[in-house]
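> sequence unavailable; structure follows:
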C-alpha cells in the first residue's frame, strides 16, 4: 500500500497544460510523471481552502490507498504540505465528463456495469458507503478503457442508521425533498448511494442521448431506489447483454475449468462478429493480450489474427496462410489507428518471447498504419530481437526490419549514413516484368528485395525478362565463354597446388596487414578459361578469418572496398566497427 511521501523533493512533475475537473476539490493534470517512480500518471491537486474541505481530502487519501478493486482508482503516490496543498498521483486516466460524449452505447453499458461492481464491492466487502457518486467522480483508464470510481471525500463506514449530518449537506437537499414527497424513510446509508446512482444514470442519459437504452433502468430505479441493493442493479437486464457477458468471461477465464474454457474459446470468434467495433478495439483486444489468454493455442490461431489484421482492401487479394482472417478482419483502419496502434506500441515494450513472436508474425499487416513517429518508437524495441540467442526470433526480427525499411528508409532503420555500393549495369531500357503486370524499373528502391518466405506460400510469380535487341549479342558472347569453363573441386588439389593458385596476383581476394589469410574451407570452386580466371571462395566458418570481428564484439562489417589499382593488383578488404542498430 502506498504511503505519503513527505520528502523535500516534490515527486510530481506538473505540465503547463492541465484540465480542471468540475468540482472544487481537485484539479486534474494530464501527462504527468512521478520523479519517484518515473511512471506516467494523472495528478490531482487540492489547495487548502477550509478545514472541512481539507479533512475531506485526507479522507479521500485514506480510502483510495487501502481499497483495491479493478474499477476503483489506482493509487500511486501522494505529496502533502500541511495547510497548503495535497497532490495525489494515480494511474493514467481521463475524466468521464470528457470521454462520455464520444462513448459508444456498448461501452457505456459496460462502464455502468463496472461502476455498479465497484460500489457493490464497497458495500459488501469493505463495508463502506461512498456518498459521492457523480459523473465528475468517475474516470476512464487510459490503457484498458475500464471505468474507475473516485470521489471518496465523504466515504465512511456503513452504519445501521442514517446520520443527520450527512443529509444536512447541500448536495443532498434534493434527496431530502424527494423523501418528503414520497413519505419514505431511509433505513440504511447504502440507499443514499442508490439514489446518487439514479442521479448518475440521469446525467449519463443527458450527456449521451441514449434515452431508449437506459430509460428502462432509470424508470425502475425511480420506483424502487429506496429499497434496492446494488446486487439487484447488477442483475438488471439492461446491464446484461452479449458484450458484458463476453467481457465478464474473458476477465474470469483464469478461474474457469478446462472444459468450460475450451468451449468458450471455440465459440469466441462467432461472438466477436456480433460485437460493436469500438468494443472490440477498446476492450476485447486489451483482454485478449493478457498473459493467460494469448498463451492459449486457440486464441493464437483463431482470434488474434481477426484483431491484429485490419480490415483493408490492401490484403484482400493476397494469397497466404492468413487469407481467411484477412477477409474476415473485424476492425477498420480508422478504429485500428485510434485503439490498436497505441496498444501494439505498449506491447512491443514488453520483453516476453511469445508475445513478441505474435507481433512480428503479423507485423507486415499493420505497420503501414503507423505514423513515422510511431514506427520510430517500436523500432528501438524491435532491434532487441537481433541480440537474442533464439534463431527463430532473430529471423522474424530481420523480416520485420525489412518491412520497416519500406517506410522508414535504410537510414532510418540502420541509423547510419548510406551510399550506393553496388552498380546497376543494366541498360536504361532494361525491365523486369512480373506476371501480375507490375513493372520493376531501374530504380532499386522500388524493387521488393526482401520478402518473408511463407511455409505454405503459393507458387512464386513467374518472372519474365524482356530486353531490347541490342542485348542479344551480349548473351551470345556470354554463352560462348561458358563453353570453355573448367570447374574442379578443392578435393582434387593438394595443399601445395591450392596455395600456389591462391597466391597468384590475379586471384587475391584481399589482405589484412599484408598477410592473406589461409582459410579453412569445406569447398573451394576455381573457374578458369582461356581469357581470365576467377576464384569463388565459400567460407564454412567466419571464425577462420584472423581477428574474428564477432569475437571482438563487432556486429557487422563495413562495405568491402575493392581497389584494382593497389600494389600488385591486390584489392583490399576494409574492416571497421559498425553496428547499424
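Cool, got the structure. Values in this document were obtained by computation on a predicted structure and should not be read as measured data.
> what ranges does the stretch 101-250 of the chain have for its helices?
105-121, 164-167, 173-182, 190-208, 211-224, 230-234, 242-251 (DSSP state H, counting those that start in this stretch).
> how much space separates the closest residue to residue 231 other than its chain neighbours from residue 230?
Leaving aside its sequence neighbours, residue 231 sits nearest to residue 120 (Cβ to Cβ, 6 or more residues apart in numbering; 6.1 Å). Every C-beta, even on glycine, is put in place using the N, C-alpha and C of the backbone. Here residue 120 is placed at a distance of 4 Å from residue 230 (Cβ to Cβ, to the nearest Å).
> helices or strands up against the helix or strand that contains residue 286?
Here residue 286 sits within helix 285-288, counting by DSSP states H and E. If you count contacts as 3 or more Cβ pairs under 8 Å, 6 or more residues apart in numbering; DSSP states H and E, helix 285-288 packs onto helix 242-251, helix 304-308.
> so which of those comes closest to residue 156?
helix 242-251 (29.7 Å; Cβ to Cβ).
> list the buried residues of the host helix or strand of residue 54.
Here residue 54 sits within helix 51-66, counting by DSSP H and E. Neighbour-count burial for helix 51-66, counted by 16 or more other Cβ atoms under 10 Å, picks out 54, 56-57, 60-61, 63-65.
> run a quick neighbour tally on the residue nearest to residue 231.
Close neighbours of residue 120, defined as other Cβ atoms under 10 Å, add up to 19.
> now for the helix ranked longest in the chain, which elements pack on it?
Scanning the chain for the helix with the most residues, using DSSP state H, yields helix 391-414. If contacts are counted by 3+ Cβ pairs under 8 Å, 6+ apart, helix 391-414 sits against helix 353-361, helix 363-366, helix 372-382.
> I'd like these as TSV, with distance to residue 106 appended.
Compiled in TSV, these are given as follows (distance: least, Cβ to Cβ, whole Å):
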stretch	distance to residue 106
helix 353-361	26
helix 363-366	24
helix 372-382	27
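> wait, what's in contact with the residue nearest to residue 99 when sequence neighbours are not counted?
Excluding the flanking residues, the one nearest residue 99 by Cβ to Cβ, 6+ apart is residue 140, at 4.8 Å. Contacts for residue 140 (Cβ atoms under 8 Å, 6 or more residues apart in numbering) come out as 93-96, 99, 111, 146-148.
> out of the residues you listed, which is nearest to residue 49?
residue 95 (20.8 Å).
> please enumerate the strands of the stretch 1-150 of the chain.
Remark: strands assigned in the stretch 1-150 of the chain by DSSP state E, counting those that start in this stretch are 12-13, 27-34, 40-47, 75-81, 85-90, 93-95, 128-129, 138-141, 147-149.
> right, and the ones you listed - which one's nearest residue 388?
When those are compared (using Cβ to Cβ), the closest one is strand 40-47, at 27.6 Å.
> check which residues of the closest one are buried.
Quick answer for strand 40-47 (16+ other Cβ under 10 Å): 41-47.
> could you dump those residues to JSON lines with pLDDT and distance to residue 206?
Output for the buried residues of strand 40-47, formatted as JSON lines (pLDDT from 0 to 100; distance: Cβ to Cβ, whole Å):
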{"residue": "41", "pLDDT": "81", "distance to residue 206": "30"}
{"residue": "42", "pLDDT": "84", "distance to residue 206": "25"}
{"residue": "43", "pLDDT": "84", "distance to residue 206": "29"}
{"residue": "44", "pLDDT": "85", "distance to residue 206": "25"}
{"residue": "45", "pLDDT": "85", "distance to residue 206": "29"}
{"residue": "46", "pLDDT": "84", "distance to residue 206": "28"}
{"residue": "47", "pLDDT": "83", "distance to residue 206": "30"}
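> export those as TSV, with columns for distance to residue 411.
Shown next, in TSV, are those (distance: Cβ to Cβ, whole Å):
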residue	distance to residue 411
41	36
42	38
43	39
44	44
45	44
46	50
47	50
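> out of those, who's nearest residue 215?
The nearest member of these to residue 215, counting by Cβ to Cβ, is residue 42 at 33.0 Å.
> for residue 104, state which of the buried residues of strand 40-47 is nearest.
The closest of the buried residues of strand 40-47, once distances to residue 104 are taken by Cβ to Cβ, is residue 42, at 23.0 Å.
> quick one: the closest one from residue 302, how far?
37 Å.
> number of nearby residues for the closest residue to residue 62 other than its chain neighbours?
Using Cβ to Cβ, 6+ apart and skipping residues adjacent in sequence, the residue nearest residue 62 is residue 152, 7.8 Å away. Applying other Cβ under 10 Å, we find 25 residues neighbouring residue 152.
> what residues does residue 152 make contact with?
Taking Cβ under 8 Å, 6+ apart as the test, what residue 152 contacts is 59-60, 62-64, 67, 130, 132.
> how about the residue nearest to residue 410 when sequence neighbours are not counted, secondary structure?
In space, and not counting its chain neighbours, residue 410 is closest to residue 418: 4.9 Å by Cβ to Cβ, 6+ apart. Using DSSP: H, G, I helix; E, B strand; the rest coil, the structure places residue 418 in coil.
> so what's the backbone phi/psi at residue 418?
phi -120, psi 160 (degrees, to the nearest 10).
> surely it and residue 405 touch.
No. Applying Cβ atoms under 8 Å, one finds residue 418 not in contact with residue 405, separated by 10.8 Å.
> so where's the stretch 301-450 of the chain shaky on pLDDT?
313-326, 430-450 (pLDDT under 70).
> one more time with 50, if that's ok
Residue ranges of the stretch 301-450 of the chain with pLDDT under 50: 316-317, 319, 434-450.
> kindly report the same for the stretch 451-581 of the chain.
Using pLDDT under 50, the flagged stretches of the stretch 451-581 of the chain are 451-475, 478-490, 504-578, 580.
> now for residue 128, how many residues are close by?
When neighbours are counted by other Cβ under 10 Å, residue 128 registers 21.
> if I pick residue 229, what's in contact with it?
Counted by Cβ under 8 Å, 6+ apart, residue 229 has contacts 123, 190, 194.
> hang on, the earlier thing: switch the strands of the stretch 1-150 of the chain over to JSON lines; also include distance to residue 332.
Converted to JSON lines, those look like this (distance: least, Cβ to Cβ, whole Å):
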{"stretch": "strand 12-13", "distance to residue 332": "37"}
{"stretch": "strand 27-34", "distance to residue 332": "28"}
{"stretch": "strand 40-47", "distance to residue 332": "28"}
{"stretch": "strand 75-81", "distance to residue 332": "35"}
{"stretch": "strand 85-90", "distance to residue 332": "32"}
{"stretch": "strand 93-95", "distance to residue 332": "23"}
{"stretch": "strand 128-129", "distance to residue 332": "43"}
{"stretch": "strand 138-141", "distance to residue 332": "22"}
{"stretch": "strand 147-149", "distance to residue 332": "25"}
